[in-house]
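> Need the 3D shape of this:
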Amino acid sequence: MSSEPPPPSQRPTHQSSAGLLDTQQARDRSPSPLRGNAVPSPLPTRRTRTFSATVRASQGPVYKGVCKCFCRSKGHGFITPADGGPDIFLHISDVEGEYVPMEGDEVTYKMCSIPPKNEKLQAVEVVITHLAPGTKHETWSGHVVSS
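Reported below is the predicted structural model:
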């Protein structure tokens, strides 16, 4: 007795609810590139950040910067630090307040390292201190406000 499945010609058929004959082979689907193979994001969001990393970040100094860009649909953006240096990554889950960050908004933030190598930094506890003048700002609920 073999444990291999029978060839397609010997597989049992049954009648579907639409009255058509259906075979097991017809129901087999090719694997989706996202099904079971998706690699989890290495970026620590507020939900996935460890408690110790959150405590370290909250005890750190407050920095100032300007929002370089932010894409609400992608859920991330970048902050240009006021003191110069490389841009800092900003995740949507770390934005405090009611407004969606826009280019030119002045912000304050704290920093947290990004695992696994902890070489790059991510902004956390981001607060918009001054809205960019002359721009329309959107709230998280979708209302548009002119500044």
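> use CA for all of it now, contacts and neighbours both
OK.
> Following the chain onward from the longest helix that the chain contains, which element is next?
Longest helix of the chain, by residue count under DSSP state H: helix 51-58. For helix 51-58, the following helix or strand on the C-terminal side (DSSP states H and E) is strand 63-71.
> Just the buried residues of whichever helix or strand comes after that following strand, please?
Later in the chain than strand 63-71, the nearest helix or strand by DSSP H and E is strand 76-81. Buried residues in strand 76-81, counting neighbours by 16 or more other Cα atoms under 10 Å, are found at H76, G77, F78, I79, T80, P81.
> Isn't the first one up against V95?
Put plainly, it is H76. No - with contact defined as Cα atoms under 8 Å, H76 does not count as touching V95 (9.9 Å).
> all helices of the chain, in order?
24-27, 51-58.
> Mind telling me which of the ones you listed the model trusts least?
The weakest mean pLDDT among the helices of the chain belongs to helix 24-27, with a mean of 51.
> Point out where this protein drops to low pLDDT.
1-49, 51, 147 (pLDDT under 70).
> got the contact list for the biggest strand by length in it?
What stands out as the longest strand in the chain, according to DSSP state E, is strand 120-130. With Cα atoms under 8 Å, 6 or more residues apart in numbering as the test, strand 120-130 has contacts from 57-58, 79, 88-91, 94-97, 99, 101, 105-114.
> change it to 6 Å
With Cα atoms under 6 Å, 6 or more residues apart in numbering as the test, strand 120-130 has contacts from 88-90, 94-96, 105-114.
> hang on, the earlier thing: list the buried residues of the longest helix of the chain.
In helix 51-58, counting by 16+ other Cα under 10 Å, buried: A57, S58.
> do stretch 117-135 as well
L121, Q122, A123, V124, E125, V126, V127, I128, L131, A132.
> Output it as CSV, restricted to C-alpha atoms.
Provided in CSV are the C-alpha atoms of stretch 117-135 (Å, rounded to 0.1, in the frame of the first residue of the first chain):
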residue,chain,number,x,y,z
LYS,A,117,21.6,45.4,14.8
ASN,A,118,20.5,48.6,16.6
GLU,A,119,22.5,50.7,14.2
LYS,A,120,19.7,53.0,12.9
LEU,A,121,17.3,55.2,14.9
GLN,A,122,13.6,55.6,15.0
ALA,A,123,11.6,58.5,16.4
VAL,A,124,9.1,57.7,19.2
GLU,A,125,6.7,59.9,21.1
VAL,A,126,6.5,62.3,18.2
VAL,A,127,4.5,65.5,19.0
ILE,A,128,3.8,68.2,16.4
THR,A,129,4.7,71.5,18.0
HIS,A,130,4.1,73.9,15.1
LEU,A,131,2.0,73.2,12.0
ALA,A,132,3.7,74.2,8.7
PRO,A,133,2.2,77.6,7.7
GLY,A,134,0.0,77.8,4.6
THR,A,135,-0.7,74.1,4.4
